[in-house]
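Trainee: Starting from these lines, generate the structure:
(chains A and B)
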Number of protein chains: 2
Amino acid sequence: GKLRALKRWMLTLVVGVTQAIIAVTCNMATKMLMEAKYDHVYDLMEYHRLSSGISPSSSSASTASANNNDAGYYTADGYLDVDQDGIPDSEEYSSGGTTAMDDVNDHLARHWFNFGKSPYLTFLFYQTLFVLCAALFVYIEPVSGGSGIPDIKCYLNGIDVPRIVEFKTLVCRVMGVTFSVAAGLPVGKEGPMVHSGGVVAAVISQGRTKFWGVDTSFSKFSDFRNDREKRDFVACGAAAGIASAFGAPIGGVLLSLEEGASYWSTNLTWRAFFCAMITLGTLFVVRNQDSKWGQANVEKLFSLGEFTSIGGGSSNFSVWELLLFILIGCLGGLIGACFNAGSEHLTIWRMKHINHSKKRRVLEVLAISMLVTTVSFVMPLLWGRCTELPTDMQDWTNQEKELVANLVPFNCVPGKEYNEVASLYLCEADVAIRQLFHFRETGETDSSTFSSAALFLFFIPYTTLACIVYGIAVPAGLFVPSLLAGAAFGRLFGHLLHKLDHTSGTFADSGTYALMGSAAVLGGMARMTISLTVILLEATGNMQYVLPLMMTLMAARFTGNAFNEGIYDINIHLKHIPFLEPEVPTIAERHEIVAGQVMSTEVKCLRPVERVGIVYDLLKSVGHGNFPIVDTASSGTLYGTASRSMLCTLLQRRAFGQPHDVNNGQHHSSTDGGVDYAELLGPKRLSPLVQWDTIERVYPRYPKIDDVQLRPGDRNCWLDLRPYANTAPYTINETASIQRTYRLFRTLGLRFLCVVNHTNQVVGIITRVDLLPESLSDSIMRGRNAHMARRSSGGGGFS
Amino acid sequence: GKLRALKRWMLTLVVGVTQAIIAVTCNMATKMLMEAKYDHVYDLMEYHRLSSGISPSSSSASTASANNNDAGYYTADGYLDVDQDGIPDSEEYSSGGTTAMDDVNDHLARHWFNFGKSPYLTFLFYQTLFVLCAALFVYIEPVSGGSGIPDIKCYLNGIDVPRIVEFKTLVCRVMGVTFSVAAGLPVGKEGPMVHSGGVVAAVISQGRTKFWGVDTSFSKFSDFRNDREKRDFVACGAAAGIASAFGAPIGGVLLSLEEGASYWSTNLTWRAFFCAMITLGTLFVVRNQDSKWGQANVEKLFSLGEFTSIGGGSSNFSVWELLLFILIGCLGGLIGACFNAGSEHLTIWRMKHINHSKKRRVLEVLAISMLVTTVSFVMPLLWGRCTELPTDMQDWTNQEKELVANLVPFNCVPGKEYNEVASLYLCEADVAIRQLFHFRETGETDSSTFSSAALFLFFIPYTTLACIVYGIAVPAGLFVPSLLAGAAFGRLFGHLLHKLDHTSGTFADSGTYALMGSAAVLGGMARMTISLTVILLEATGNMQYVLPLMMTLMAARFTGNAFNEGIYDINIHLKHIPFLEPEVPTIAERHEIVAGQVMSTEVKCLRPVERVGIVYDLLKSVGHGNFPIVDTASSGTLYGTASRSMLCTLLQRRAFGQPHDVNNGQHHSSTDGGVDYAELLGPKRLSPLVQWDTIERVYPRYPKIDDVQLRPGDRNCWLDLRPYANTAPYTINETASIQRTYRLFRTLGLRFLCVVNHTNQVVGIITRVDLLPESLSDSIMRGRNAHMARRSSGGGGFS
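Mentor: A predicted model of the protein is given here:
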């Protein structure tokens, strides 16, 4: 009724707010951890630089920094404030020399340890510490590792992945991702945030959890304790997750619809829309606290920074450059396909050699973390060159000035120079992305904030590392690494074009190419469609990119699909999860298959009134979730279906009658042939001893068959299933085409389907597994005759 | 196979390009017509102004215009170039006086008629002429009137509206809308463009039309000649339509998915995405021809102009203003609800008194057009005041300068003054929208391009006119009028706020309020959800409005839904079209209804082998589209279904056997009891005399039963339906809940469903009509007992 709908909306609102708070907290924690790490490491590096005395251009340092102070924006210590949230220590390092040395010593004294004042060892220590924390959380709850998007995808597809939407998973996932991002691994928070949103929604809507050991259920929310409501809530939560990670509410709604929902439900769309809106609104309010909720900072609205229109009234790209964007899309599709192939091989190898042992998984994480740390530290060292910071920034936007302040000196004179490679490796991934996106190249001069060589030195190793890292036992999103790799690639592409053509302004600025590169690589990996375009549009905040982004993503997807599947689908298939794609598998399109061919004929059936012993043995022996009930009186027509959870509850509650009750004292335990009981019972039914509400109250923790204790005489009792059976299950005729079967399954989100013949007799069962491409090709191998043979033998078989 | 998929993509590409070309052509034609009209009228008005000699401020005219020429942008004749595409006649009217008079006389001499030099009569003449043309096209093809979106919505919902996707409709619709917009009626091109896209897709994918009188079918495309393919193409075309009307490709895809598609198909989404992208790309290329496909003009990218960020790095609104936007949303919802209620009453009245006669419809159009013309002309006259054009426009954007040039003088000194009300009434609707959106109010001075009084004088009459016009017999979209009305309302709201608070800059600029007002009123009328947000975002081009727009639209929808339905749904229901909403009607949620209660029990069944006479009489007597085939040998279990079109084709092709063929010479025409024929035939079947391809080749123009001529002896022949029957139709058990039935219907897009009992005997039929809320409440009135009674009587009835 109305009250229930109101409750649903209220819960959705709570989900939105909660997810926003989680996202903000997680973000702040990550920033604090990273700040502590880089603060310490850069102090040590500065100490070494000053004590070695070889500062190649220290003579001009003071003048330059004076210059910079004139420019009025960044002070010499800007490089410390990685996120502009740090403690403002503005008067230190004002110029090179002994005072700076004292300051550094002061700084170092504040830290509680100094590994022989080695920056590398300190860096390694922090990284390893953080990564160990992340691994620990995954050790506690293994399903909280990885991206989280495939998990939510499976859940929304209708697959019951154990422990995927529980409170413990949420805690481990969020804590884990905080540490894994802080550890500087090439991972993102986006996938885990989507998962977090989903779990928040599930936990809040169900209003109970077994994490606390006690049942905290509020009976007020019991309305929403069923699969469908829970799934709808999870879809809303996933939308909120994207909204919180990217500030992309509409993209979030589309993602959860595209990936999960099997059919477009207007109500659900509205709720997801509302949930994402609330999340974004909460974020908006919280982030603009400092301005007393006045005008918001536009850069804060878009997680990828704001793409401004450079040339006043004209677009940032030419019409004919759309062709170049398509080319970038194709290249990005190739890169994505390589990444996916590499990741697939690695995952297979991991499944064989590592995943079976928790200890090995942790060791792997440690080893890979050390590799990442070493590469991130050694690459800038190898580069070794110092680039001067741009000095004439009068025309630059605030955003660009802030990004300049975030460039990393790394052995260069702070406030005057920076190390290009270090600025990419040794800062937060989203800052690096923004730098690649928003440093515009001024057409005439060939000067750029990042040189081609530096981009190359970053792109190849980083992509390789990201590929290796994806799949280790830490929470790890894929969006940010692929955006960053793609941005480097796109910018590199832009550089090459600029070099080909030395005249000014022929090609779009490198920022635009970086954006297209990001879209191409991300699209090449994830192969999502409309939702990805919308997410990127919302994150960049400039609608003039809609056509280029569409074209790039389309090209990336087509190219990538020529080689392999998207990374999420690869992961799902490797785990052998019976995930049903939205479209009928191509193998079914090419061959004529009917439902009768793919069905499993070993049907375990029950009778409307069944012996307790038979039911008990059946539940013990097979793990099926549903059982058809056939009417033996009318030669085996389908009466209905009974779910495992219901049967277990009935047995546990002893909802069965003694033989003499049923048969009015005669015929008891004499005939088990199953023909005469119906006549004996006639229209007289055992009253339902268990209310439907009672069965459902314990959702989703129904009693297991092992919890059921039968007493000696129980096995001969009769269990009357007729009041409980679902008498109108979806069925399909055995001659129906596989397309029709698949469509029924997928659009209605079924888990099993009874196959009947023309007289409604049960001839088989189809489950999700039977519809996977592998099973379908098996059916084709067996051929039609096998089907006929099986049908005749399997038709009448009871358990 | 692959080739077919390739063909499908190629056709989609052609659809996208064609729709873009249609949109461009239609746009240009409208602009030319409007220009001719306003050119003439303004010349006459200028003539009157100059000859009367009372130009209130003619003394300062020359200096002011010199001033303006200094500002370097608009010349005195700017007001003539309504769309900047006019013939550049730059040296005329350089200052008031006799030379100007000569010029005007020259101008007037160019026109071929002058109704006594009366501007009003001339205006009326043009308006009436154009509106007559529009009405003529609707006279030729009545279904081309109205918005077009409800039609496409119904088509995608699975309803077969006659002639809705035919070439003739396309031509009439596009030509009609060109004239109705040129006639200055408060109508938009958007709805008709969506319809146009859909028809273009249908026509191109089918590759044939009966418009030419000859069959132009290319057999190459025959693959796509079935309901499902055609519907998918129409969905793609509708997306292209939105892309061409608003430059909103993603919004277009969402609209066609949201309104039409019953389930989310990834393949279809991709194709719609591709189609919209191609349309946008084509438009982009065509529109930027003049710049030789270099940098595009950003304003041309967004149909509502570009919303720039005013204050550098800060958003155009404060955080707390979100609450005000919600308030605007609620008010917009109210306005929309009033509009919808008014429109509903008018439509009911029209259906009673006007719609049955084509002549009356044309007369109504003429009368209303005259009303609109008079109001548009009298309002500015009543206003009478001349406002000075802004002179200090140094900081203004090109967009604003161009909009200033489009302000209408109407009896004021051109190039120096303008009439506020005339500038809203007497120019293209999208120019007026842009003026309301993009003239920013500078916080300190209270000066504004449009005063509150002028806005009020526009908003109320225009909304009323739009309500009266919607539903008359011309092609008329609703988006643009409601955007314009909403923009005026929102700007008015902003004005009031500014007056409440005289300090500077507390509230957002009036442009932002105008945008929110547009969203609120449009959302309040159309009640579309996520697609509308995306369309508005894409059309405005500034992502910072995503949260405000979402909140406004959500508030508008909630408020509006408290009173009545969306305008499209109202129209669909008034036409008694069996449109299935995405959600189960609430009446079904409140009562427990089963499929057996709502089904119709008067089932006309056939037997697997049936007498030709019986089939013929059945087809003659009832209009059903499908007939169940029941197996009389096994007491009436469902054998399959046969479609009307198939039966007609079989009869026409004489695919039946003589009695002696069937019965091996014995028993012929003796027993018609229908029990023994099956044994007689046994497994021996008549070979299918008609190939399936033959039946489908004529799609969608199957033979009618009236085309079938039976010969005297035919009636006793046997028609063997077994090779042709669909032996695995979707069925539902009579005890299934209405929710389940509805879901099956809606998600699979069914038109009918056999209701069976436990032994698969046909007990009834459910069609779309049975699932409408009215029918459901009837079923509840009859109650459950009626169902039982009907079931026992109806079970065995044959035709």
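Trainee: The host helix or strand of A:Arg4 - contacts with which helices or strands?
Mentor: Assigned by DSSP states H and E, A:Arg4 falls within helix A:2-52. Counting contacts by 3 or more C-beta pairs under 8 Å, 6 or more residues apart in numbering or on different chains; DSSP states H and E, helix A:2-52 packs against helix A:98-110, helix A:119-140, helix A:167-182, helix A:190-206, helix A:227-246, helix A:266-287. All C-beta spots, glycine's among them, are computed from the backbone N, C-alpha and C.
Trainee: Nearest residue to A:Leu44 in space, please, no chain neighbours.
Mentor: A:Pro119 (4.2 Å; C-beta to C-beta, 6 or more residues apart in numbering or on different chains).
Trainee: Nearest to A:Phe377, out of the helices and strands packed on helix A:2-52?
Mentor: Checking those against A:Phe377 by C-beta to C-beta gives helix A:119-140 as the closest, at 5.6 Å.
Trainee: what angle do that closest one and helix A:167-182 make?
Mentor: Counting by axes from the mean of the first three to the mean of the last three C-alpha atoms, to 10 degrees, helix A:119-140 lies at 170 degrees to helix A:167-182.
Trainee: Could you report the pLDDT at A:His195?
Mentor: You'll see A:His195 listed with a pLDDT of 93.
Trainee: distance of it from B:Asn157?
Mentor: A:His195 sits 35 Å away from B:Asn157, going by C-beta to C-beta, to the nearest Å.
Trainee: tell me the contacts of the spatially most central residue of chain A?
Mentor: By C-alpha atoms, centre = their mean, chain A has its centre lying nearest to A:Ile149, at 2.1 Å. Taking C-beta atoms under 8 Å, 6 or more residues apart in numbering or on different chains, we find A:Ile149 in contact with A:191, A:194-195, A:259, A:477-478, A:568.
Trainee: Without its sequence neighbours, what residue ends up closest to it?
Mentor: Once flanking residues are discounted, A:Ile149 sits nearest to A:Gly191: 4.6 Å by C-beta to C-beta, 6+ apart.
Trainee: The one you found against A:Pro481, yeah?
Mentor: No: the pair A:Gly191 / A:Pro481 is not scored as a contact, 10.6 Å apart, by C-beta atoms under 8 Å.
Trainee: so how many other residues sit close to the residue in the stretch 51-200 of chain A that chain B sits nearest to?
Mentor: At 11.5 Å from chain B, A:Leu156 is the closest residue in the stretch 51-200 of chain A, using C-beta to the nearest C-beta. When neighbours are counted by other C-beta atoms under 10 Å in any protein chain shown, A:Leu156 registers 21.
Trainee: mind checking pLDDT for it?
Mentor: Here the pLDDT value assigned to A:Leu156 is 84.
Trainee: any idea how far the helix or strand encompassing it is from the chain center?
Mentor: Using DSSP H and E, A:Leu156 sits in helix A:149-157. Here the centre of helix A:149-157 is set off from its chain's centre by 8 Å, with C-alpha atoms, centre = their mean, to the nearest Å.
Trainee: Contacts for stretch A:564-581, please.
Mentor: Contact with stretch A:564-581 is made by A:146-147, A:149-150, A:153-154, A:157-159, A:161, A:336-337, A:339-341, A:343-344, A:347-348, A:351, A:470-471, A:478, A:525-528, A:560, A:742, A:745-746, A:767-769, A:771-772, B:266, as judged by C-beta under 8 Å, 6+ apart.
Trainee: And stretch A:366-373, by the same measure?
Mentor: Residues outside stretch A:366-373 that contact it (C-beta under 8 Å, 6+ apart): A:123-124, A:127-128, A:131-132, A:135, A:183-186, A:465, A:468-469, A:472.
Trainee: Tell me which residues of it come out buried.
Mentor: A:368-369, A:372-373 (16 or more other C-beta atoms under 10 Å in any protein chain shown).
Trainee: Looking at the residues you listed, which is nearest B:Thr282?
Mentor: A:Val372 (46.5 Å).
Trainee: Please report the distance of that closest one from A:Met32.
Mentor: For A:Val372, the distance to A:Met32 equals 21 Å [C-beta to C-beta].
Trainee: Same check on A:Ile164?
Mentor: Using C-beta to C-beta, A:Ile164 is found at 29 Å from A:Met32.
Trainee: The two: which has the busier surroundings?
Mentor: A:Ile164 (20 against 15).
Trainee: Now do the contacts for the more buried one.
Mentor: Residues near A:Ile164 by C-beta under 8 Å, 6+ apart: A:143, A:151-152, A:154-155, A:199.
Trainee: From the contacts of stretch A:564-581, keep the buried residues only.
Mentor: Of those, these count as buried by 16+ other C-beta under 10 Å: A:146-147, A:149-150, A:153-154, A:157-159, A:336-337, A:339-340, A:343-344, A:347, A:470-471, A:478, A:525-528, A:560, A:742, A:745-746, A:767-768, A:771-772.
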